[in-house]
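>>> Model the structure of this input:
(chains A, B, C and D)
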4 protein chains.
Amino acid sequence: MEDILIKINAFREERDWRQYHNPKDLSISISLEAAELLENFQWKTSEEVLSGDMENVKEEIADVLIYSLMLASDLNLDVKEIIQEKLHKNCLKYPVSSSKGSNKKYTEL
Amino acid sequence: MEDILIKINAFREERDWRQYHNPKDLSISISLEAAELLENFQWKTSEEVLSGDMENVKEEIADVLIYSLMLASDLNLDVKEIIQEKLHKNCLKYPVSSSKGSNKKYTEL
Amino acid sequence: MEDILIKINAFREERDWRQYHNPKDLSISISLEAAELLENFQWKTSEEVLSGDMENVKEEIADVLIYSLMLASDLNLDVKEIIQEKLHKNCLKYPVSSSKGSNKKYTEL
Amino acid sequence: MEDILIKINAFREERDWRQYHNPKDLSISISLEAAELLENFQWKTSEEVLSGDMENVKEEIADVLIYSLMLASDLNLDVKEIIQEKLHKNCLKYPVSSSKGSNKKYTEL
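Model prediction:
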C-alpha cells in the first residue's frame, strides 16, 4: 500500500489541504463517506443493489479507504500492523468455540 | 494487502460468519465502526485526543479498514485499483487551480 | 414539546455542559446516537429485532431526539415549524403522481 | 406533536411508502440524515457554519426528526414518554456531583 499512500498524500498536498486534515475532521469524513456508501442500500435488499449499477458503491468504498489511510498516515500508524493487532484481539473476543455461526456480540456470548 | 485479506477472510470463515456478511450489513458495519472512531472526538478537539490514549482510535481505524476490505473482497473489487480510479476522478472534480487552499465542495467551486 | 425542552435544557445546565454543546459536537452526537440505534439491526432483519428486547432501540431513538432538540433549541429553531417546512419541500420534490409506490430518489424520478 | 405526526404519516401514506418503512431501513435513514447534517460542519468550525447560510442545517435537523418520529410511531412509542424515561436514566448515569463541568463518559467517571 506504500505506493498508494504516496499518491493519496500527493493529492492533498498539491491542493494545500493538510491544513483541514486534522484527525477530528478526518474521522468525520470517514463517517460521511460510510453514510454515502450505505445510502446505496437504503430501502433496498443487498440483492437489489447487486443487480444494479455498482459504480457508486465502488467509489464510496474507495472514499472510506482513502480517508482511513490518510488518518492512519497522519497518526503514523502502519495499516497492516493495526489490522493484524485488531484481528488478534477479535480472535480473543470471539473464540471460535462460542461464536461459530452466531451473530451475537461478545458481550452476549 | 493480499496476505492481510487472507487473514481477514480466514477469521470470518472459521466462525462461519459469511452467512451474515451480505453487502448491506457490511456497509452498516462500516458506518458503525466509523461512528465508534468518531466517538473518540466527541466534545474534544483533535489536540486533546492526540495528547491522550490513542489505543481505541487505532483499533477503530483498523475495524473500519477490516470491514471495508471484507466488502471489497466480497464484491471482487481490487482495493488498489478502486482507490486509484477514485483519486483520478477526484483530480478532475477538484482541479488544483480552483481548489488549492479551499475547503469548498466541488459543487461550490 | 415546550415542557420537554425545558427538562432537556435543565439537564445540561445542571451539569454545566453547555460549554461542550457547540453545534458541530451536537451534530456529531446525533450521528453517534443514530449509529447506536442502527447497531441493534446489525446482522439482523427487522423481524428478528422486533421479536426481541426493544429496550435499547427505544433508548437510542430517545437519544437521537434529545440531541436533535438540543441543537434546534440552540439555533433558535422551532421544531414544529422546520418539520412542516421540510414536509412541504418534500411534497414538491416527490410529487404523488411520480413517486407513488417507488423507492427511487428524486434525482432518479 | 400529535398534529405533526398526522402530517408525517399522511405524507408517506399518500406515496404508498409504508412498504419500505421497516424499522431497519428507517434506522439507516436516520443515520444518513444525521450524516447529511454533519456534512455541513466538515472542515469547518461551528462559528464558520453559524456565520453562513443555515438553510441546509435546518432542513437536515428536520429530516432527522421526521424519520425518528416515523420510527417511534411505527413502534407505538410515545415520544414524550421515551425522552422523559431516557432523561431520568441519564440523571442516574451522570450524577450532578461527579459529572458537573466534565466531558467524561459515565464509564470514566
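
>>> Output the longest helix belonging to chain A.
helix A:55-74 (DSSP state H).

>>> Buried residues, the helix or strand following that one. List them.
Using DSSP states H and E, the helix or strand that directly follows helix A:55-74 along the chain is helix A:79-93. Residues of helix A:79-93 classed as buried by neighbour count (16 or more other C-beta atoms under 10 Å in any protein chain shown): A:79, A:82, A:83, A:84, A:86, A:87, A:90. From N, CA and C alone the C-beta is placed, and that goes for glycine too.

>>> now do stretch A:46-66
A:46, A:49, A:57, A:58, A:59, A:60, A:61, A:62, A:63, A:64, A:65, A:66.

>>> Next, give phi and psi for the residue lying farthest from the centre of chain A.
Using C-alpha atoms, centre = their mean, the residue of chain A lying farthest from its centre is residue A:97. It sits 28.0 Å away. Phi and psi for residue A:97, reported as degrees, to the nearest 10, are phi -60, psi -40.

>>> what's the spacing between whichever strand or helix holds residue A:24 and its chain's center?
Taking DSSP H and E as the definition, residue A:24 sits inside helix A:23-39. Mean-position distance between helix A:23-39 and its chain equals 9 Å (C-alpha atoms, centre = their mean, to the nearest Å).

>>> show me what contacts whichever residue of chain A sits closest to chain D?
Among the residues of chain A, residue A:35 lies nearest to chain D; the distance is 3.4 Å by C-beta to the nearest C-beta. Shown in contact with residue A:35 (C-beta atoms under 8 Å, 6 or more residues apart in numbering or on different chains): B:31, D:31, D:32, D:34, D:35, D:36.

>>> Neighbours of the second one, how many?
What it means is residue D:31. 31 (other C-beta atoms under 10 Å in any protein chain shown).

>>> Confirm for me that it is in contact with residue C:34.
Yes. With contacts counted by C-beta atoms under 8 Å, residue D:31 reaches residue C:34, the gap being 4.3 Å.

>>> follow-up on the earlier one: what angle sits between the helix holding residue A:24 and helix B:55-74?
Put simply, helix A:23-39 runs at 30 degrees to helix B:55-74, going by axes from the mean of the first three to the mean of the last three C-alpha atoms, to 10 degrees.

>>> What's the first helix or strand after helix A:23-39?
Criterion used, DSSP H and E; the element after helix A:23-39 is helix A:46-50.

>>> The residue nearest to residue A:91 when sequence neighbours are not counted: which element?
Closest residue in space to residue A:91, ignoring its immediate chain neighbours: residue B:11 at 7.0 Å, by C-beta to C-beta, 6 or more residues apart in numbering or on different chains. Residue B:11 is located in helix B:2-14, with elements delineated by DSSP H and E.

>>> hmm, who's touching that helix?
Counting by C-beta under 8 Å, 6+ apart, A:80, A:83-84, A:87, A:90-91, A:96, A:100, B:18, B:21, B:66, B:69-70, B:73 sit against helix B:2-14.

>>> Could you save these as JSON lines and add columns showing pLDDT?
JSON lines is the format used below for the contacts of helix B:2-14 (pLDDT from 0 to 100):
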{"residue": "A:80", "pLDDT": "96"}
{"residue": "A:83", "pLDDT": "97"}
{"residue": "A:84", "pLDDT": "97"}
{"residue": "A:87", "pLDDT": "96"}
{"residue": "A:90", "pLDDT": "94"}
{"residue": "A:91", "pLDDT": "93"}
{"residue": "A:96", "pLDDT": "94"}
{"residue": "A:100", "pLDDT": "93"}
{"residue": "B:18", "pLDDT": "92"}
{"residue": "B:21", "pLDDT": "95"}
{"residue": "B:66", "pLDDT": "98"}
{"residue": "B:69", "pLDDT": "98"}
{"residue": "B:70", "pLDDT": "97"}
{"residue": "B:73", "pLDDT": "97"}
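
>>> Which one of those is nearest to chain C?
The closest of these, once distances to chain C are taken by C-beta to the nearest C-beta, is residue B:21, at 8.4 Å.

>>> so what's residue A:79 up against?
A:1, A:69, A:72, B:65.

>>> Show me which of those has the smallest pLDDT value.
Least confident of the contacts of residue A:79 in the model: residue A:1, at 79.
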